[in-house]
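Asks: Sequence isn't available, so here's the structure alone:
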């Protein structure tokens, strides 16, 4: 079964959408999105962008979009002390904003963080990074997203402290549509960190991020995905960078049963720069799926992509990336690197780089590897007296070190390192059991 | 367990080994005692590097016979990391680059595995670096990444100094070193032999290293066997006369059986092509 099921969208009635909160323009946007749903192509694994995906395992009839926010009876517990002083914190639960706090410095500077319905010129944030939702799931997000979050950093405002968005899913059997809309203005600088978590629910999470960076602006974005083991995630991130602006995007993809993220980075102004980095670690039967588009639409633009993953157990990863250089994007520099380490014979990684270059005078490269732990490196460490298991740990920690170094905040890098250590602990425990079993049967 | 000085010896007996389907070592015998420096010299393809890798248990190198013991411990029965823990150190000809892993973390993990304290390791490494005229920043940089050949060799010496092995196999430690670096590295090895009783097996192509290291014995390895043994004068003669000349003569003087043939080519006489690369 390669096709999405439940595409009649029986569970996604217009009544649910019209009952959602927000100003008139948002209601109108939802309405028009739903009116066009029938014409939206249904995902099919025969298409390149869905190839190798597990979209065929999804039955949309099995997930219900949430009608209204349940009473905020429980406070969402989240230890954010590692982030120190923050410019703002937003907690989004099952798609609804349940908590917003902004520092007085941020408020005084004109920074807005909160529901998009109350944001200044919130309507303009939709479609600012990409013309239209890229697939059926993004359409559903636009039609059923109850309370998108806006982050607006005005021109000339440089925030040192991070803005943290906690995106929690704890509704079972639900289709959850969180959305974050970021505008980092001209000559502005900001760090936005999204922390996506869930309890152990069987839900469909469809997060969307749209972020624009103005002239000379600099946005650092981090995404830490630690969803529960039964969650299916189909996410989309879109960045659009103006003249001499820069985006540094970092993602740590750790959880989920099937977790897919499509990332579009469009460099639309001369001299714009996009740096995309991701670290992922698959365990058990997890599938981690990444589709990236480095789109150069202006001269003198530069993009650097580094995605690195480790696959243990029977986990799988998919990376497909396209560098597109449009005719006007002369003197583009674009690089794309995807490296995968297979930690078990059952693990599987697919890596497909692509180039589409429509002009001369560009420097582009791509590299992709899928290999086990390097035998020479392991031997080298062993020859110094480091036990095999420890040697592999050191090598894997080292493998991720250059990606971790690109994290937008030290706390994000630390979260990645801790998650890595947890997974390596589990791996060591499993390999210990295997040895015992072998000893017992010998 | 206490051991008498007489028990302390790194002993290789009748060691045979192959790489893939090709037999490379045809019976190597060697003994190194604490504080001694032994040189193993030999032409390309003689089995020098195979010997060093076999001793450390590198994957792909298969022992087919013989024994290796370190102070009575059967090394061949141990995995690589336990050979190191037993007191063997291999300085590689081409030290491996390990992105994202610092030299310090490797030494710390080795200490932890050996049940030794890990605090003070940074200071120890800094002191070791100073001792060989090396910048201490190499201690915390990713291991060997983007380093010159000479810097990598100094890294090897840093670890040799910090890990305090009982015996060290130095595989072409002199290649890629300039004169100053060679002097610093040799001095450090010599100090270890004198101060800590380190036994050294220095595998080398040229006698340059041996001018500073002053070996007790020089062994000439060719066609997978030790073919001649002597003092430093043997190394000097090798430099002047080349392997073919020395070995032809040494073969007679050390009493090699008449008519010994190339191990991989029983048709060829000893004089025809005795030291051809067996892997060629």
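Replies: Thanks, I have the structure now. None of the values given here were measured: they were computed from a predicted structure.
Asks: Make sure residue A:152 is actually in contact with residue A:107.
Replies: No: using CB atoms under 8 Å, residue A:152 makes no contact with residue A:107, being 11.8 Å away. Just so you know, the C-beta spots here come from the backbone N, C-alpha and C atoms, and that holds for glycine as well.
Asks: neighbour count winner among those two?
Replies: Using other CB atoms under 10 Å in any protein chain shown, the more surrounded residue of residue A:152 and residue A:107 is residue A:152, with 23 against 13.
Asks: How about the contacts made by that one?
Replies: Neighbouring residues of residue A:152 by CB atoms under 8 Å, 6 or more residues apart in numbering or on different chains: A:111-113, A:119-120, A:125, A:182-183, A:185.
Asks: residues contacting residue A:256?
Replies: Shown in contact with residue A:256 (CB under 8 Å, 6+ apart): A:225, A:227-229, A:231-233, A:286, A:288.
Asks: farthest pair in those residues?
Replies: A:228 and A:288 (14.5 Å; CB to CB).
Asks: how near is residue B:241 to residue A:128?
Replies: Separation of residue B:241 from residue A:128 (CB to CB, to the nearest Å): 80 Å.
Asks: The two - which one has more neighbours?
Replies: Comparing residue B:241 with residue A:128 by other CB under 10 Å, the one with more neighbours is residue A:128, at 16 against 13.
Asks: What about the nearest residue to that one once chain neighbours are set aside, how many residues nearby?
Replies: Nearest residue to residue A:128 in three dimensions, chain neighbours excluded: residue A:212, at 4.8 Å (CB to CB, 6 or more residues apart in numbering or on different chains). Close neighbours of residue A:212, defined as other CB under 10 Å, add up to 25.
Asks: now the one 3 residues further on
Replies: When counting by other CB under 10 Å, one arrives at 18 neighbours for residue A:215.
Asks: element containing residue 175, please.
Replies: Picked chain A for this. Assigned by DSSP states H and E, residue A:175 belongs to strand A:174-176.
Asks: what are the pairing partners of that strand, and which direction each?
Replies: Looking at strand A:174-176 with DSSP bridges, its partner strands are strand A:64-65 (parallel), strand A:204-205 (parallel).
Asks: Just put the contacts of residue A:152 in a markdown table and tack on neighbour count.
Replies: A markdown table is the format used below for the contacts of residue A:152 (neighbours: other CB atoms under 10 Å in any protein chain shown):
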| residue | neighbour count |
| --- | --- |
| A:111 | 22 |
| A:112 | 22 |
| A:113 | 28 |
| A:119 | 21 |
| A:120 | 12 |
| A:125 | 23 |
| A:182 | 27 |
| A:183 | 28 |
| A:185 | 24 |
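Asks: May I ask which of these comes out lowest in pLDDT?
Replies: For these, the model is least confident at residue A:120; its pLDDT is 89.
Asks: Correct me if wrong: that one contacts residue A:114.
Replies: No: contact criterion CB under 8 Å: residue A:120 and residue A:114 do not qualify, at 10.8 Å.
Asks: and the single nearest residue of chain B relative to chain A, what does it touch?
Replies: Residue nearest to chain A within chain B (CB to the nearest CB): residue B:100, separated by 2.7 Å. Residue B:100 makes contacts with A:397-402, B:142, as judged by CB under 8 Å, 6+ apart.
Asks: How about it, nearest residue that isn't a chain neighbour?
Replies: The shortest distance from residue B:100 to any non-neighbouring residue, by CB to CB, 6+ apart, is to residue A:398 (2.7 Å).
Asks: so which strand or helix has residue A:234?
Replies: Assigned by DSSP H and E, residue A:234 belongs to strand A:232-241.
Asks: what comes up buried for the worst-scoring helix or strand of chain B on mean pLDDT?
Replies: Across the helices and strands of chain B, mean confidence by mean pLDDT, DSSP states H and E is lowest for helix B:232-253: a mean of 76. Using 16 or more other CB atoms under 10 Å in any protein chain shown as the test for burial, helix B:232-253 gives B:232, B:234-235, B:237-238, B:243, B:246-247, B:250-251.
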